[in-house]
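Asker: Dropping a prediction and its sequence here:
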Amino acid sequence: MNNFRLWHRLLQLTFTVGLGVVQGLPVQAQVLNSVQSPALLDAGHTFAIPSPPRDVGAPRRRSSAGSRGCATVVQNSSPLGSTRRSRPLTALVPAQGTDEQGLVGGLTTSKNPTFWFYIPEQFTASSESEHYFEFVLKDSADNYVYQTQLAGPETPPGIVSLHLPPNVGLEANQTYEWYFVLFCGPRKPLITLNGDIQRIERPELESQLGSATVAERVNLYRSEGIWYDALTPLASLYRSDPQNAVLRQDWMQLLRAVQLEFIAAEPFSPCCAPQR
């Protein structure tokens, strides 16, 4: 019992820095390394994907369907000489339908949520020196809310995070559309991923969240179907300590709930410093 309480206390301390520093500042990984603990997530429940809205718009796209990148395909071989299977460019977000075409999106209570994407190696190594990634956020009136770029050659492969800056905030009860685009040169888009994000208000959750541990927060958001708020704290912890078997198991469990287990073992990229 003492170990269990210690684990929750340490997670609570880690959480205070984890959400605010998902990008740019290190989480205190050493706090987790020495702790033996039970699983973070409640194995008896899974992520509750919300019902689709009635006013469904055009289909969205969660993954690249295995495109070969701009020009050069990198064969990433294992120590035994076998070629590692290529993964698609993928947004870490629920999808209803197929990855290639369907309802793609998630909920958040945060004004400044973090967006997560997986960039495989063949999309970062290319003979096109000008290739880059662009993230765009638009409101329901199709106005640009935020736009930034990641230089392709300078972006290591793996799972990347893009956090909305403090001066860009989502309005409550509004739905926004995001785009993550691979450009092979100026005005040469090759792949476009896109989906929706809606900021909601849940006043009834505030009292529960005030003194909640990370485990309780993740489980609560997961049971309420609030994807980004469940994903980001867990991703922050696992990113800080990828050798932690407990966090690895919880990470797999959460991604499996939205059929993203195929990238659960992929590393986190040490980037990102968006460029305006």
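Answerer: Nice, thanks for sending it over.
Asker: can you map out the strands along the stretch 151-276 of the chain?
Answerer: For the stretch 151-276 of the chain, applying DSSP state E, counting those that start in this stretch gives strands covering 158-163, 174-183, 189-199.
Asker: Quick one: closest of those to T109.
Answerer: strand 189-199 (6.8 Å; C-beta to C-beta). From N, CA and C alone the C-beta is placed, and that goes for glycine too.
Asker: Give the buried residues for that closest one.
Answerer: 190-199 (16 or more other C-beta atoms under 10 Å).
Asker: Ok, stretch 210-223 next?
Answerer: For stretch 210-223, the neighbour count (16+ other C-beta under 10 Å) marks 212-222 as buried.
Asker: Now do it, average pLDDT.
Answerer: If you average the pLDDT over stretch 210-223, you get 85.
Asker: from now on call the first residue 34
Answerer: Yep, numbering from 34; the last one is stretch 243-256 now.
Asker: Span of stretch 291-298 from start to end?
Answerer: Using C-alpha to C-alpha, to the nearest Å, the end-to-end distance of stretch 291-298 comes out at 15 Å.
Asker: gap between the two ends of stretch 146-155?
Answerer: One end of stretch 146-155 to the other measures 28 Å (C-alpha to C-alpha).
Asker: Adjacent strands (with direction) for the host helix or strand of F148?
Answerer: Element membership of F148, judged by DSSP states H and E, is strand 147-152. Strand 147-152 pairs in its sheet with strand 123-124 (antiparallel), strand 191-196 (antiparallel), by DSSP bridges.
Asker: what about the nearest residue to L125 once chain neighbours are set aside, distance to R289?
Answerer: Leaving aside its chain neighbours, L125 sits nearest to W149 (3.9 Å; criterion: C-beta to C-beta, 6 or more residues apart in numbering). The spacing between W149 and R289, counted by C-beta to C-beta, to the nearest Å, is 16 Å.
Asker: More neighbours: which of the two?
Answerer: W149 (20 against 14; other C-beta atoms under 10 Å).
Asker: what's that one in contact with, if anything?
Answerer: Neighbour list for W149: 124-126, 192-195, 264-265, 268 [criterion: C-beta atoms under 8 Å, 6 or more residues apart in numbering].
Asker: ok, P186 to L226 distance?
Answerer: 20 Å.
Asker: repeat for V137
Answerer: The spacing between V137 and L226, counted by C-beta to C-beta, is 8 Å.
Asker: so what's in contact with those two at the same time?
Answerer: Residues touching both V137 and L226 (C-beta under 8 Å, 6+ apart): 94-95, 124.
Asker: which of those residues tops the neighbour count?
Answerer: In terms of neighbours by other C-beta under 10 Å, those top out with R95 at 29 neighbours.
Asker: shouldn't it be in contact with L122?
Answerer: No: taking C-beta atoms under 8 Å as the definition, R95 is not a contact partner of L122, at 9.7 Å.
Asker: which residues are common contacts for those two?
Answerer: Residues touching both R95 and L122 (C-beta under 8 Å, 6+ apart): L226.
Asker: residues near the nearest residue to C304 once chain neighbours are set aside, how many?
Answerer: Using C-beta to C-beta, 6+ apart and skipping residues adjacent in sequence, the residue nearest C304 is T188, 5.2 Å away. Using other C-beta under 10 Å, T188 has 21 neighbouring residues.
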